[in-house]
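this one's structure only:
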């Protein structure tokens, strides 16, 4: 049995797709691509697929990860290309590697989020973020299936900076997916590194925290995109979670 690890993106309208529907799309695409999947045992066998920290519904991502197991040796690059062709536009396979030693989930300590706040000038957003980072604890309310719950969102926010959309190159990594017309007034973009805690602090929790500390109310819904996941180094930079797998394959 061979195990492969894939990084994929969830873009455009597909950001509104639930994780359950994304999983179904992947299973269909694996069948269409003719991938020799390994299956679980028992009365109702399922393909061996392991999802790593899926992004919330309504959030785009450039850094989603999944593990699959196959019963025949395959070329990771060819499998990734075939699967990408079988998936709908907006679910895009970006990389496929043979799994090396160690678990993938344990490499996911934090995420880097880009949150676009159209209608909020960068200087106003920068002031709100400064207030947030200067505060030790910020409780926000979240609606769960068990009712409303208070969580402390501030400790999970490791770092935050504010960019002006007018100064962002749309072809740069931070500019991926920016969707605005040429006459859209400049607005603020929050780039935040958030530790993956329990319960998880999501982009909407960060926005709720800004509302608490600075009464920040964007006039239109913000657009959040996960740009990266990985381990945090001593400088608060995220490492590439697939780097160890590439090194093991090269070795």
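Yes, it's here. Values in this document were obtained by computation on a predicted structure and should not be read as measured data. Numbering: from 1, shown residues only.

Strands of the stretch 151-251 of the chain, start to end?
157-164, 188-195, 223-230 (DSSP state E, counting those that start in this stretch).

counting contacts, what elements does the first one pack onto?
When contacts are defined as 3 or more CB pairs under 8 Å, 6 or more residues apart in numbering; DSSP states H and E, strand 157-164 sits against helix 122-133, strand 188-195. (Each C-beta comes from the backbone N, C-alpha and C, glycine too.)

can you list contacts of the longest one?
Under the contact criterion CB atoms under 8 Å, 6 or more residues apart in numbering, helix 122-133 has outside partners 117, 138, 154, 157, 160-165, 186-190, 209-210, 213-214, 216.

how much space between residue 149 and residue 140?
As judged by CB to CB, to the nearest Å, residue 149 and residue 140 stand 10 Å apart.

which of the two has more neighbours?
Applying other CB atoms under 10 Å to residue 149 and residue 140 shows that residue 140 carries more neighbours, namely 20 against 11.

Let's test this: name the helix or strand in the chain with the lowest mean pLDDT.
When each helix and strand of the chain is scored by mean pLDDT, DSSP states H and E, strand 139-144 comes last, with a mean of 88.

Mind listing what's buried along that one?
140, 142 (16 or more other CB atoms under 10 Å).

for the helices and strands packed on strand 157-164, which one sits closest to residue 246?
strand 188-195 (23.0 Å; CB to CB).

partners of that closest one, with directions?
strand 110-117 (antiparallel), strand 157-164 (antiparallel) (DSSP bridges).

most neighbours per residue, which of those strands?
strand 110-117 (a mean of 24; mean count of other CB atoms under 10 Å).

what's the angle from it to strand 223-230?
In terms of direction (axes from the mean of the first three to the mean of the last three CA atoms, to 10 degrees), strand 110-117 departs from strand 223-230 by 160 degrees.

Can you give the contact residues for strand 110-117?
So strand 110-117 is contacted by 53, 63, 125, 158, 165, 174, 178, 187-196, 203, 206-207, 218, 222-232, 238 (CB under 8 Å, 6+ apart).

any weak-confidence spans in this protein?
Applying pLDDT under 70 to the chain flags residues 169-183.

OK, contacts around the residue nearest the centre of it?
Centroid check for the chain by CA atoms, centre = their mean gives residue 226 as the closest residue, at 3.5 Å. Neighbouring residues of residue 226 by CB under 8 Å, 6+ apart: 55, 59, 60, 61, 62, 63, 64, 111, 112, 113.

one more time with 7 Å
55, 59, 61, 62, 63, 111, 113 (CB atoms under 7 Å, 6 or more residues apart in numbering).

Show me what it is bridged to.
Beta-bridge partners, per DSSP bridges, of residue 226: residue 61, residue 113.

tell me the secondary structure for the closest residue to residue 86 other than its chain neighbours?
The shortest distance from residue 86 to any non-neighbouring residue, by CB to CB, 6 or more residues apart in numbering, is to residue 29 (3.8 Å). With DSSP: H, G, I helix; E, B strand; the rest coil as the basis, residue 29 sits in helix.
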